[in-house]
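[1] I'll drop the sequence and a predicted model, then ask my questions.
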Amino acid sequence: MKKKPILSLLLAALLFIQTVSCSSGGTNEEKETQADNAAVEEAPAPGSQEEEEPEGNGRSDVKDSLPDDLDFGGATLHFFTRGGDRDTQMEFQAEELNGEVVNDAVYTRNLKAQERLNIAMDLILANVNIHGGTNSDIQKSVHSGSGDYDLLGNGMYSMMSLTMENILLPMNDLPYLDFTAPWYNHAFLDQTNFNGKNYTVMGEVGQTMISGAFVMFFNKTLLDTFYNGEVNIYQIVNEGEWTIDKMTSLCEPVYQDANGNGEADEGDIFGHYFTNTDTLGADSFYGASRIEYLKKNDDGTWFFNAACERMITFTEKMHKLLFEGTNTLRLPYNNDDIFNTMKADQTIFTTWMLSGIDLLRDMESDFGIIPMPKFDTAQEKYAEYVHDASSSFSIPTTEQDPAMVAAFLEAMSAESFRTVTPAYFETALKSKYSRDSETSQMLDIIVDGIYLDIGYIFGGSLNSPIGKIRGVLANATNCENAASSLAKNEKATMKSLEKLLQKYEEIG
């Protein structure tokens, strides 16, 4: 018998817990308390009898509700999704077993789902990366009535705009889909449900829901060298003290003019690296602080919350970290080059998606992964936005056999929960890539903190809330003027929200 790690308990319960925090009544503080209490009730005490689980951490034993005798007669299902980079390719592309743990899990998942339902999957990969969407291809196919695609995978940010075009089927009443199952993201389903209908889903069938989570990477060797091993960042996290202010205080004394040119520039040593333009780094810090750009009243109506006191304090904290003194090195390095200065032992902290661990395989110094810092110590849980272009899945209105597609999506989702996520998280991340046992514990906290809100999910249709935050953190002047600049967006944002809600009324 193998003891079940807390991760598996949290990950299996995560999507249910999120529903409590997003859909129950009461204040935000009450909702977070309810979610925390639910987590405590779900997870048995370490060492208890209930913690004992067979190999597979119990996930392999979770059954789905699909009938055992489903048979679609060898029908071909055309699955159109993205495959333009390693983040999107790893979700579904696996042509053969090759000994690589995630590839083999994906291959096995794909094969099991097809054989179980007697369906042949035709995987069609668009040359689109994790930051992009496939809207034009989907629109062209549906409007022409060609029926090229049966199941659609797309970046969440892009798919949300399609849900308002009346070209995607509502999925709630389709047979075989069980949205109460743990392989779906219930927070996403709650936020995107209008008039009882969901036109797209997110869950473990797409690995980018987890690999797209924003985290903080750090150069462990450089941190230990500077602080003589006296700063235990993992202990700080576990004690709930890992905040923006704490991070800033750790960065402040680090600067060294290593290249000796008398200027604070590349080649010197800094505490933090942050890209010097509009960047996803803004998403990570903002999401971790749990600031709701749009907020719902108890009566269900929405109001503009972007210029609230919490937001202004957030921008003040970020101004100190990013623009005051020599806490942060800002250069154009981004995407695959985001870790250049950290790998060169020039910076300690760098934020990126969890998938960035693949970029650190050749890093000579030790590194670690921790959650994004909280807004302050009063914030009960660490929080992680997941990249707004992580994959979501839909069925086009041109589909002739939606029941078949629904069954396939359910089978793929369930098998992902049972095999792909454990392979990716437990084996690939925890055992193969991470450099220490503490990182494994941090990953538990990170996944437990994944959440989504309406401003991020519907960004493209709501006057781009996250775009405004990226602009605020792009330079010192914008950050200093955040209160006034954000307040100016109220009218346009609320008008966009009104249009969004009206479109769903019309579709319904």
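    Thanks, I have it.
[2] now do the same contact list for Ser496.
    461-463 (CB atoms under 8 Å, 6 or more residues apart in numbering). Every residue, glycine included, has its C-beta placed from N, CA and C.
[3] show me which of these is closest to Val231.
    Val231 has its nearest neighbour among the contacts of Ser496 in Leu462, at 40.1 Å by CB to CB.
[4] could you find the closest non-adjacent residue to that closest one?
    Ser496 (4.9 Å; CB to CB, 6 or more residues apart in numbering).
[5] and what about the one you found, helix, strand or coil?
    Put simply, Ser496 is helix when judged by DSSP: H, G, I helix; E, B strand; the rest coil.
[6] quick one: it from Leu117, how far?
    To Leu117, Ser496 is 41 Å away according to CB to CB, to the nearest Å.
[7] same check on Ile469?
    With the distance defined as CB to CB, Ile469 ends up 43 Å from Leu117.
[8] neighbour-wise, which of the two wins?
    Ile469 (27 against 24; other CB atoms under 10 Å).
[9] can you check the pLDDT for the more buried one?
    What the model reports as pLDDT for Ile469 is 96.
[10] other SSEs contacting the one helix or strand it maps to?
    Assigned by DSSP states H and E, Ile469 belongs to helix 465-472. Applying 3 or more CB pairs under 8 Å, 6 or more residues apart in numbering; DSSP states H and E, we find helix 465-472 packed against helix 280-288, helix 454-457, helix 476-480, helix 482-487.
[11] which residues touch the second one?
    Residues outside helix 454-457 that contact it (CB under 8 Å, 6+ apart) are 156-157, 160, 188, 191-192, 283, 287, 292-294, 385, 388, 462, 465-466.
[12] equivalent analysis for the third one, please.
    With contacts defined as CB under 8 Å, 6+ apart, helix 476-480 is touched by 315, 318-319, 322-323, 471-473, 485.
[13] what pLDDT, on average, does it get?
    Rounded mean pLDDT across helix 476-480 is 97.
[14] just say helix, strand or coil for the closest residue to Pro175 other than its chain neighbours.
    Ranked by CB to CB, 6+ apart and with sequence neighbours excluded, the top spatial neighbour of Pro175 is Ala403, at 5.1 Å. Secondary structure state of Ala403, per three-state DSSP, is helix.
[15] could you give the number of residues near Ala403?
    14.
[16] and the protein, what are its domains?
    Per automatic domain parsing, the domain ranges recorded for the chain read 2-53, 72-210+391-433, 214-385+451-507.
[17] between those, which gets the lowest average pLDDT?
    domain 2-53 - the lowest mean pLDDT of those, at a mean of 38.
[18] contact partners of stretch 91-110?
    By CB under 8 Å, 6+ apart, the residues outside stretch 91-110 that reach it are 79, 81, 83, 90, 121, 123, 125, 153, 206-208, 391, 412, 415-416, 419-420, 422-424, 427-428, 432.
[19] buried stuff in it?
    Buried positions in stretch 91-110, judged by neighbour count with 16 or more other CB atoms under 10 Å: 91-94, 102-110.
[20] same deal with stretch 78-86?
    Per 16+ other CB under 10 Å, stretch 78-86 contains these buried residues: 78-85.
[21] I'd like the residues you listed as JSON lines, with secondary structure and distance to Met164 appended.
    Putting those into JSON lines (DSSP: H, G, I helix; E, B strand; the rest coil; distance: CB to CB, whole Å) gives the following:
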{"residue": "His78", "secondary structure": "strand", "distance to Met164": "24"}
{"residue": "Phe79", "secondary structure": "strand", "distance to Met164": "23"}
{"residue": "Phe80", "secondary structure": "strand", "distance to Met164": "20"}
{"residue": "Thr81", "secondary structure": "strand", "distance to Met164": "21"}
{"residue": "Arg82", "secondary structure": "strand", "distance to Met164": "21"}
{"residue": "Gly83", "secondary structure": "coil", "distance to Met164": "26"}
{"residue": "Gly84", "secondary structure": "coil", "distance to Met164": "25"}
{"residue": "Asp85", "secondary structure": "coil", "distance to Met164": "27"}
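[22] now render the residues you listed as CSV, adding distance to Asp224.
    Listed next are the buried residues of stretch 78-86 as CSV, based on distance: CB to CB, whole Å:
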residue, distance to Asp224
His78, 52
Phe79, 47
Phe80, 48
Thr81, 42
Arg82, 39
Gly83, 40
Gly84, 38
Asp85, 33
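[23] can you pull the contacts of the spatially most central residue of the chain?
    Nearest to the mean C-alpha position of the chain, by CA atoms, centre = their mean, lies Val386 at 1.8 Å. Val386 is in contact with 208-210, 212-214, 450, 452, counting by CB under 8 Å, 6+ apart.
[24] report the beta-bridge partners for it.
    Ala213 (DSSP bridges).
[25] picking up where we left off before, just send the helices and strands packed on helix 465-472 back as CSV, with distance to Met311 too.
    Shown next, in CSV, are those (distance: least, CB to CB, whole Å):
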stretch, distance to Met311
helix 280-288, 9
helix 454-457, 12
helix 476-480, 12
helix 482-487, 7
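[26] got CSV for those helices, with mean neighbour count and distance to Thr351 too?
    What follows is the helices and strands packed on helix 465-472, written out as CSV (neighbours: other CB atoms under 10 Å; distance: least, CB to CB, whole Å):
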stretch, mean neighbour count, distance to Thr351
helix 280-288, 24, 5
helix 454-457, 24, 16
helix 476-480, 15, 17
helix 482-487, 17, 19
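[27] hmm, back to that, looking at the buried residues of stretch 91-110, which are in strands?
    The strands in this structure, assigned by DSSP state E, contain none of the buried residues of stretch 91-110.
[28] can you tell me which of the residues you listed is nearest Leu501?
    The nearest member of the buried residues of stretch 91-110 to Leu501, counting by CB to CB, is Glu91 at 31.4 Å.
[29] in the stretch 301-450 of the chain, which spans are helices?
    In the stretch 301-450 of the chain, the segments counted as helices under DSSP state H, counting those that start in this stretch are 309-323, 340-343, 402-415, 421, 437-448.
[30] end to end, how far does stretch 58-76 reach?
    32 Å (CA to CA, to the nearest Å).
[31] just stretch 358-369 next, same as before
    Terminal residues of stretch 358-369 lie 13 Å apart, using CA to CA.
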